[in-house]
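Chemist: Quick one, structure for this:
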Amino acid sequence: ARHRLELHPANPSPYKVLLGRLGVERLAAQGRDWQSFPPLDPNDADALAVKNSAIKQRQGGPAAKAPAANAAAAAVAKAVSSDATIAARLLQVVNSPLYRGANAINNLQSAIARLGPPLVRNLVTSLILKQLFQTKSALLRQRMQVLWEHSTQVAAISHILARKFTRLQPDEAMLAGLIHDIGALPILQKAENHPELLADETQLNDIIDKLHASIGRLILESWKFPPELVTAAAEHENLTRISDQVDYTDIVTVANLHSYLGSKHRHARVKFTDVPAFTKLGLTPETSISAMEEAAAEMKDVKSMLAA
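Modeler: Residues are numbered from 1 along each chain as shown. Got it, this is the predicted structure:
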């Protein structure tokens with residue numbers, strides 16, 4: 001095995017630093033020559049297993065990465081354990097139909113290791129976001145609840161679209177869907193000080209429609225969100241948007257339109273065939289609606305995960 005860096009100043013660059021063979025030196029000290037060893041018997045299952053394990057470790061495979069992953073999970077668990085709400089939520093999610101394995105998980109480190117850092121981050125973000133939708137105002141409470149339910153609906157549809165029709169990360173698509181209307185929050189909070197605006201639903205909706213995407217961009221940029229998620233919030237209402245490759249904005253655009261089917265919202269009257277995002281996902285009106293119907297149970301599970 002090669003386990004040591006050795007300096008060979010007489011060699012030309014870049015061969016002055018080489019990896020030394022500690023295993024060869026140990027065998028030489030024992031008077032054994034590794035080149036005289038018999039070749040591996042291909043029928044020897046145990047020997048093959050040892051060889052494959054060694055190769056995985058040398059290549060940085062699962063065996064080599066496990067200690068680092070465990071250490072990372074332990075560090076995250078230590079940080080999260082200080083918040084009982086977040087800790088309980090992660091344990092609930094890891095044992096949900098979406099992520100549970102053969103055995104239930106009842107400790108935080110194992111839960112984080114199974115879910116993975118990206119999903120843990122997104123779940124923590126969703127918990128924080130949900131707090132932003134809380135209000136003491138009776139006038140705003142229903143509006144906030146409707147907005148949160150719409151956001152979780154779009155998040156669930158985005159998760160399904162990413163998994164079934166793209167190579168993008170479903171959990172990241174879910175987060176993109178969850179934050180796509182974040183720009184509406186400051187408008188509603190500001191309207192709380194103007195009862196006449198809250199009472200005029202048409203005018204308030206017009207203001208939200210015109211401003212929430214640009215405000216959402218500013219909020220997410222100030223929060224240092226990834227550019228692709230910022231764009232999803234800023235551009236999901238641009239139904240004629242064209243880009244080179246399918247991205248999270250396309251997914252959220254399609255998910256948002258799906259969420260309004262059967263409603264009186266203006267987006268319910270949009271023809272899917274006129275929206276480039278559907279084409280980029282390889283969807284027709286029939287296939288997209290069929291996909292949502294087939295994934296109804298999964299959509300319910302994702303919404304439950306975000307709503308609790």
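Chemist: Output the contacting helices and strands for the top helix by length along the chain.
Modeler: Longest helix in the chain by number of residues (criterion: DSSP state H): helix 138-165. With contacts defined as 3 or more C-beta pairs under 8 Å, 6 or more residues apart in numbering; DSSP states H and E, helix 138-165 has these neighbours: helix 170-179, helix 184-191, helix 195-199, helix 248-259, helix 285-294, helix 296-307. The C-beta positions use only the backbone N, C-alpha and C, and glycine is treated the same way.
Chemist: Read off the pLDDT value for residue 303.
Modeler: For residue 303, the model assigns a pLDDT of 90.
Chemist: how many neighbours does it have?
Modeler: 17 (other C-beta atoms under 10 Å).
Chemist: And the one 4 residues further on, by the same measure?
Modeler: Burial measure for residue 307: 12 neighbouring residues, criterion other C-beta under 10 Å.
Chemist: One more: residue 82?
Modeler: Neighbour tally, residue 82, other C-beta under 10 Å: 8.
Chemist: Checking my notes, it in a strand, right?
Modeler: No - using DSSP: H, G, I helix; E, B strand; the rest coil, the assignment for residue 82 is coil, not a strand.
Chemist: low-confidence ranges in the stretch 51-200 of the chain?
Modeler: 51-72 (pLDDT under 70).
Chemist: isn't residue 104 right up against residue 96?
Modeler: No - in this structure residue 104 lies outside contact range of residue 96 using C-beta atoms under 8 Å: 10.9 Å.
Chemist: For those two, indicate the residue with more neighbours.
Modeler: For residue 104 versus residue 96, the count of surrounding residues by other C-beta under 10 Å is larger for residue 96: 14 against 9.
Chemist: That one against residue 305, yeah?
Modeler: Yes - at 5.9 Å, residue 96 counts as touching residue 305 under the criterion of C-beta under 8 Å.
Chemist: and stretch 82-89, how far out from the chain's middle?
Modeler: Taking C-alpha atoms, centre = their mean, to the nearest Å, the mean C-alpha location of stretch 82-89 is offset from the chain mean by 19 Å.
Chemist: Dump that stretch to CSV, restricted to CA.
Modeler: C-alpha atoms of stretch 82-89 as CSV (Å, rounded to 0.1, in the frame of the first residue of the first chain):
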residue,chain,number,x,y,z
SER,A,82,-30.0,22.5,21.1
ASP,A,83,-33.4,23.2,19.4
ALA,A,84,-36.0,20.6,20.5
THR,A,85,-38.4,21.6,17.8
ILE,A,86,-35.9,21.0,14.9
ALA,A,87,-34.6,17.8,16.5
ALA,A,88,-38.1,16.4,16.8
ARG,A,89,-39.0,17.4,13.3
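Chemist: hmm, back to that, among the helices and strands packed on helix 138-165, which is nearest residue 219?
Modeler: helix 184-191 (7.5 Å; C-beta to C-beta).
Chemist: Tell me the helices and strands packed up against that closest one.
Modeler: Using 3+ C-beta pairs under 8 Å, 6+ apart: helix 184-191 touches helix 138-165, helix 201-222.
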